[in-house]
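Novice: Quick one: sequence plus predicted model below, questions after.
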Amino acid sequence: MSDFRNILNEADGQELSEEQLMAWLEGRLSPEAQHALEAKLAADGMDSDAMEGLQALGAEDAKQLQRRLDLELNQRLKRKKRPRRESPQTQRWTTIAIFVILVLAILGFVIIRMRSR
Amino acid sequence: MATTRHTELNDEQLLRRYRESGDNVWLGVLLQRYTVLLIGVAMKYLKDKDAAHDAVQQIFLKSLTALPSGEIVNFKGWLYILMRNHCLQQLRDKSHHAPEETLERVAAAEDGQAAQLERELDLEGLAQGLERIPDEQRSCITEFYLNRKSYQQIMDETGLSFAQVKSHIQNGKRNLRIYLTRQQQNRS
């Protein structure tokens, strides 16, 4: 009779790991382990939706898509991370330009002071 | 080179490291934990591999560029809502002509989540209820819960598809709940 209770009780809240999911998808689980995992399917939620979608997709396509998406994500993260670096030559010219501007400003100030006397 | 998975850190810890360091790599590790689940959710709603790929890419992009600044207590739940809303939007757009059934099933699932009623479990009522639901729903529920068979075993025995078995079990459970609720209302 206790099995009747299982009908309306929700599956345990244990998180579904990627390894378990792929093992289930690839048919590597025993029937008992499959049953335990599939108890999540009757509940609503991400695990249930994902299992249904993955079952339709198949293990090989799922793995291929996962590899592709993870690679694309890593490439995007590298692009975001790389800071823009100025070349040493650009930095040198920037320093020279600042120095020249300062010198000109000081000279201008001195000339104006001299003329005003 | 494969990214280190940092399995010793939970989602909250990874998020905290990302926020403290500003280094996207931590967010990348966190997102990759859910790539397979996101693919599955997208496939369920969009039913197309390329559309599912694009959907997951979009969710990754949204996560990288528009992560809420407040606390995210349940990152997995947040990702799920993000993906589901994205898929529903895709289905509503003119470019996806989803059959009505898809949207109805989604609406039914949302209703099912809306309330988990607490009730005293009436085993006798449950047994009676089983007799009143459609044959295929009764058969699938009996084989799965009482005989503890796997979906594959039920599919092999009945010739039903995976989606049909899942649907019969979900609908059967819903009908049982409705029956039990009515029985309780009649008694009170």
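Specialist: Noted; the coordinates are in hand.
Novice: Going by C-alpha atoms from here, please, whenever you check contacts or count neighbours.
Specialist: Fine.
Novice: give me phi/psi at the nearest residue to A:P31 once chain neighbours are set aside?
Specialist: Distance criterion Cα to Cα, 6 or more residues apart in numbering or on different chains; nearest residue to A:P31, sequence neighbours excluded, is B:S150 at 5.7 Å. Main-chain dihedrals, B:S150, degrees, to the nearest 10: phi -90, psi 170.
Novice: Go ahead and confirm B:S150 touches A:K40.
Specialist: No - counting by Cα atoms under 8 Å, A:K40 is not a contact partner of B:S150; they are 11.9 Å apart.
Novice: Next up, the contacts around B:G125.
Specialist: Residues in contact with B:G125 (Cα atoms under 8 Å, 6 or more residues apart in numbering or on different chains) are B:L180, B:Q183.
Novice: at 10 Å what do you get?
Specialist: Going by Cα atoms under 10 Å, 6 or more residues apart in numbering or on different chains, B:G125 touches B:L176, B:Y179, B:L180, B:Q183, B:Q184.
Novice: Sitting in helices, which of these do you find?
Specialist: Counting by DSSP state H, these place B:L176, B:Y179, B:L180, B:Q183, B:Q184 in helices.
Novice: Now list the buried members of the residues you listed.
Specialist: Neighbour-count burial (16 or more other Cα atoms under 10 Å in any protein chain shown) is assigned, among the ones in helices among the contacts of B:G125, to B:L176, B:Y179, B:L180.
Novice: To which secondary structure element type does B:Q57 belong?
Specialist: Secondary structure, DSSP: H, G, I helix; E, B strand; the rest coil: B:Q57 is helix.
Novice: Let me know the helix or strand that the closest residue to it other than its chain neighbours is in.
Specialist: Residue nearest to B:Q57 in three dimensions, not counting chain neighbours: A:L69, with 7.0 Å by Cα to Cα, 6+ apart. Secondary structure assigned from DSSP states H and E places A:L69 in helix A:59-81.
Novice: got the buried residues for that helix?
Specialist: A:A59, A:A62, A:K63, A:L65, A:Q66, A:L69, A:D70, A:L73, A:N74, A:R76, A:L77.
Novice: Stretch A:19-36 too?
Specialist: So, applying 16+ other Cα under 10 Å, buried residues of stretch A:19-36: A:Q20, A:L21, A:M22, A:W24, A:L25, A:L29, A:P31, A:Q34, A:H35, A:A36.
Novice: Give me the spatial nearest neighbour of the fifth one, chain neighbours excluded.
Specialist: This points to A:L25. Nearest one to A:L25, counting by Cα to Cα, 6+ apart, is A:A59 at 5.6 Å.
Novice: same deal with the fourth one?
Specialist: If the residues on either side of it in the chain are set aside, A:W24 comes closest to A:Q34, at 6.5 Å by Cα to Cα, 6+ apart.
Novice: which residues does the one you found contact?
Specialist: A:Q20, A:A23, A:W24, A:L25, A:G27, A:R28, B:R148, B:K149, B:S150, B:Y151, B:Q152, B:Q153.
Novice: A:I96 and A:V103, how far apart?
Specialist: Distance of A:I96 to A:V103, given as Cα to Cα, to the nearest Å: 11 Å.
Novice: just to revisit the earlier point, out of the contacts of A:Q34, flag the one nearest to B:L79.
Specialist: Using Cα to Cα, A:Q20 comes nearest to B:L79 of these, at 19.8 Å.
Novice: Do a quick rundown of the helices in chain A.
Specialist: Using DSSP H, helices in chain A cover A:2-8, A:18-25, A:31-38, A:46-57, A:59-81, A:88-116.
Novice: I meant to write chain B there.
Specialist: Going by DSSP H, chain B shows helices at B:11-21, B:24-32, B:35-46, B:49-65, B:75-92, B:100-114, B:123-132, B:135-141, B:151-158, B:162-187.
Novice: Return the most buried member of the ones you listed.
Specialist: Burial of the helices of chain B is given as mean neighbour count (mean count of other Cα atoms under 10 Å in any protein chain shown); helix B:35-46 ranks first at a mean of 27.
Novice: Could you pull up the contacting residues of the residue positioned nearest the centre of chain A?
Specialist: Closest to where the C-alpha atoms of chain A average out (Cα atoms, centre = their mean) is A:L73, at 5.7 Å. Applying Cα under 10 Å, 6+ apart, we find A:L73 in contact with A:R67, A:R79, B:V25, B:G28, B:V29, B:L31, B:Q32, B:Q57, B:F60, B:L61, B:L64.
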